[in-house]
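Student: model the following, please.
(chains A and B, ligands or ions: 2)
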Amino acid sequence: MQRIFSRPQALTGVPFHYCPGCPHGIVHRLVAECLDEQGVRERAVGIAPVGCAVFAYNYFNCDMIQAAHGRAPAVATGVKRSRPDAVVFTYQGDGDLAAIGTAEIIHAATRGERITVVFINNAIYGMTGGQMAPTTLVGQETTTTPRGRDASYHGHPVRIPEMLALLDGAAYVARVSVHAPGHVNRARRALRRAFEVQLSNQGFSLVEVVSSCPTNWGMTPVEALRWVEQHMLPYYRLGEFKVPGHGEA
Amino acid sequence: MKGNEAIAEAAIRAGCRFYAGYPITPQNELCEYMARRMPEAGGTFIQSESEIAAINMVYGAGSAGARAMTSSSSPGISLKQEGISYLAGAEVPGVIVNMVRGGPGLGSIQPAQSDYFQATRGGGHGDYRTIVLGPGGIQEAVELTMLAFDLADRYRNPVVVLGDGMMGQMMEPVRFPEGPPPSLSPKPWATTGTPGRDRPNIINSLYIEAEACERHNQHLLQKYREMELREVRYELVDPEAEYFLVAYGTSSRICRAAMARAVADGLRVGMVRPITLWPFPRAAIERVVGRARAFLTVEMSAGQMVEDVRLAVEGRRPVYFFGRTGGAVPTPQEVMDCLKMIREGRGGEW
Ligand SMILES: Cc1ncc(C[n+]2csc(CCOP(=O)(O)OP(=O)(O)O)c2C)c(N)n1
Ligand code: SF4
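Tutor: Ligands and ions are numbered 1, 2, ... in the order given. You can find the predicted model right below:
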């Protein structure tokens, strides 16, 4: 019998703890496939965030470090500078990366750290129960924006790749989505490219994955994916914002 | 050599190959020295975007097996507490130098010892301890910095070198130990990539269930007990004296000057000088408490270490305190005046 589908080597067999329909699992798999494809699993050191993906260290079959909330890029910097041969990636949510860890991500990017950042934007704080994130859309209801996010009161949602693309140290910056199979394939390509940029020593790379949180959005998984398409994607434009050699796209 | 630079050089000679820091007076020379020397030594210097980033870089570098260090002064150390707690929780070695200045808040840039509580009680969240080394001079700062890296590796724990602005700025002749840098023992737990290993290494301080977290805390506690048994260091000057000063770092130097004057006044004064501030050298107090008439703790703070002295003395003798705060440095004369008042039975808290 020919085997056509199996678990990537770069994932352990530990069952994910994520909610049904949560895209964290898909993205874990894509990252693991990239590590496998490029034959770098043994060189990989992953940094887990604080957030729903805090247990990522149990799922990736490579060396892993759990970092303080938002500090993954600084931890990754310490690893990469001490072990330049390591393939270092962080996996961070929007609360982690775009709120408490804004300074760390901007400065890792501007230093051109040779790390790959996987940034999950689900427009909400998942793990702590659905509070407003920096990426929460205007009008979106969360437990701390019970009447919907009001830009004049709560401020505006932040677009991270667009910001980071302005920085000289950032080599590859893209935004993808995993709400439909075609997009999953595009997401895989972007992640592969991000790791290639690291492997060829070209600088900092980040892929934002527009994601969903059915649990805290109070939707079924299918409704949540529809909401991604209808509400998230118009604000969070997909595409490559910066690719090596082309400057800002 | 200037204290800050001597510590930096000592770190490099101890095999430190990763340094991340953020400028703050009075420890800037340490950062600047690292910027010059670290690349020559084949290591990394990073001027980080904040103290928080610096300590987290140390967490990463330490996790990857490097000897790593950061330095700062009081307000910056407050920011590092998050990371120090994580280092302790995840059992990652790292060295943190604090050249203490006057506080609270932005305070002054003059030397102080007002971060004693923060350094010896954990400082960050959770039940943890760091070994805290308080050098009494530049030569000792060199030796203790080198020791700090060994202790950090041995216990897989952060180690703090607690100096102050004076220690950082003053110059004294120093000798560095001869010979090549130490060959470091392997760190099979480090996250270096998995070749040759069938299971990944995980550096983590999350134990989501209470029982698991308690087991982890018990394990840490056992380590701290071992440190208390094995790592206590102190100097005892004139164990036969009648009165004992208790002081560390810069205030111990002032006390030494006061002791010299005391002889002229017919007072026999000795000194207990803690070198490890945690674990606190209770044994030194124990050795003299039987014959001492009284203890006078001298600090550049409103009275922090004096609590440890009182705990060690356990009410068997009177313990007095003299301190200056905010960056003001006690003078030998002030210490002498206190001693005289104590002898005349007029001692209190100053
Ligand atoms: C210093 C600190 N502040 C706050 C928290 C609590 N906290 C845990 S997860 C989280 C939000 C995570 O949200 P996000 O990064 O968007 O990830 P998600 O859970 O949505 O995957 C917060 C605020 C913490 N652990 N540490
Ligand atoms: S709370 Fe949201 S982000 Fe977290 S696992 Fe559940 S669905 Fe996913």
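Student: what's the separation between the residue in chain B positioned nearest to ligand 1 and B:Ser205?
Tutor: At 6.8 Å from ligand 1, B:Glu82 is the closest residue in chain B, using Cβ to the nearest ligand atom. Bear in mind the C-beta positions are built from the backbone N, C-alpha and C, glycine included. Remark: distance between B:Glu82 and B:Ser205 (Cβ to Cβ, to the nearest Å) = 11 Å.
Student: the strand or helix carrying A:His183 close to chain B?
Tutor: Element membership of A:His183 [criterion: DSSP states H and E] is helix A:181-199. No - on the criterion Cβ under 8 Å from any Cβ of the partner chain, helix A:181-199 is out of touch with chain B, staying 13.6 Å away.
Student: buried stuff in that helix?
Tutor: A:183-184, A:186-188, A:190-198 (16 or more other Cβ atoms under 10 Å in any protein chain shown).
Student: who in chain A is up against chain B?
Tutor: A:12, A:41-45, A:47-48, A:54-55, A:57-58, A:60-68, A:71, A:74-83, A:85-86, A:103-104, A:106-107, A:111.
Student: if any of the residues you listed are buried, put those into a PyMOL selection.
Tutor: Remark: buried members of those, expressed as a PyMOL selection using 16+ other Cβ under 10 Å:
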select buried, chain A and resi 12+41+42+43+44+45+47+48+54+55+57+58+60+61+62+63+64+65+66+67+68+71+74+75+76+77+78+79+80+81+82+83+86+103+104+106+107+111
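Student: what stretches of the chain score poorly on pLDDT?
Tutor: In the absence of a named chain, chain A is used. Chain A contains residues with pLDDT under 70 at A:247-249.
Student: that's the other chain; I wanted chain B
Tutor: Those would be B:348-350, if you go by pLDDT under 70 across chain B.
Student: most remote residue from the middle of it, which is it?
Tutor: B:Asp198 (38.8 Å; Cα atoms, centre = their mean).
Student: which residues does stretch A:231-241 contact?
Tutor: Stretch A:231-241 has contacts (Cβ atoms under 8 Å, 6 or more residues apart in numbering or on different chains) with A:121, A:123, A:135, A:137, A:140, A:157, A:159, A:161-162, A:164-165, A:172-177, A:183, A:186, A:190, A:193, A:208, A:210, A:212, A:248-249.
Student: among the residues of chain A next to chain B, which are in helices?
Tutor: Judged by DSSP state H, helices contain the following of these: A:57-58, A:74-82, A:103-104, A:106-107.
Student: between those residues, which is closest to chain B?
Tutor: Ranked by distance to chain B (Cβ to the nearest Cβ), these are led by A:Gly78 at 2.5 Å.
Student: interface residues of chain A facing ligand 2?
Tutor: By Cβ under 6 Å from any ligand atom, the residues of chain A that approach ligand 2 are A:18-19, A:22, A:24, A:52, A:122, A:126, A:213-216.
Student: counting neighbours, which of these comes out on top?
Tutor: Greatest neighbour count in the residues of chain A next to ligand 2, by other Cβ atoms under 10 Å in any protein chain shown, goes to A:Asn122: 29 neighbours.
Student: if we can go back for a sec, check contacts around the residue of chain B closest to ligand 1.
Tutor: Neighbours of B:Glu82 in contact, by Cβ under 8 Å, 6+ apart: A:68, A:71, B:52, B:55, B:124-125.
Student: how about 10 Å then?
Tutor: By Cβ atoms under 10 Å, 6 or more residues apart in numbering or on different chains, the contact list for B:Glu82 reads A:68-71, B:51-52, B:55-56, B:59, B:123-125.
Student: list the buried residues in whatever helix or strand it lives in.
Tutor: Using DSSP H and E, B:Glu82 falls within helix B:74-90. Residues of helix B:74-90 classed as buried: B:74, B:76-90 (neighbour count, 16+ other Cβ under 10 Å).
Student: show me the contacts for A:Lys226.
Tutor: Lys isn't right for residue A:226; it's Arg. So A:Arg226 contacts A:179, A:212, A:219-220 (Cβ under 10 Å, 6+ apart).
Student: quick revisit: need the overlap of contacts for B:Glu82 and B:Ser205.
Tutor: Going by Cβ under 10 Å, 6+ apart, residues that sit against B:Glu82 and also against B:Ser205 are A:Ala68.
Student: where exactly do the strands run in chain A?
Tutor: For chain A, the strands defined by DSSP state E cover A:44-48, A:63-66, A:87-93, A:116-121, A:124-125, A:131-132, A:170-177, A:204-210, A:239-243, A:247-248.
Student: ligand 1 is nearest to which of those?
Tutor: Taking Cβ to the nearest ligand atom as the criterion, strand A:87-93 is the member of the strands of chain A that comes nearest to ligand 1, at 2.4 Å.
Student: if we can go back for a sec, what subset of the contacts of A:Arg226 is buried?
Tutor: A:179, A:212, A:219.
Student: give the contact list for the second one.
Tutor: For A:Ser212, the set of contacting residues under the criterion of Cβ under 10 Å, 6+ apart consists of A:21-24, A:120-124, A:126, A:177-179, A:219, A:221, A:223-229, A:232.
Student: buried residues in the helix or strand B:Leu311 falls within, which are they?
Tutor: Assigned by DSSP H and E, B:Leu311 belongs to helix B:305-313. Using 16+ other Cβ under 10 Å as the test for burial, helix B:305-313 gives B:305-310, B:312-313.
Student: most widely separated two among those?
Tutor: B:Met305 and B:Val313 (12.4 Å; Cβ to Cβ).
Student: mutual contacts of those two, please.
Tutor: By Cβ under 10 Å, 6+ apart, the residues touching both B:Met305 and B:Val313 are B:246, B:297.
Student: before we move on, the earlier item: now, which of the buried residues of helix A:181-199 lie close to ligand 1?
Tutor: Checking these against ligand 1 by Cβ under 6 Å from any ligand atom, not one of them is in range.
Student: picking that back up, redo the strands of chain A as TSV? Include distance to B:Pro279.
Tutor: Below are those laid out as TSV (distance: least, Cβ to Cβ, whole Å):
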stretch	distance to B:Pro279
strand A:44-48	33
strand A:63-66	28
strand A:87-93	36
strand A:116-121	41
strand A:124-125	40
strand A:131-132	42
strand A:170-177	47
strand A:204-210	43
strand A:239-243	52
strand A:247-248	55
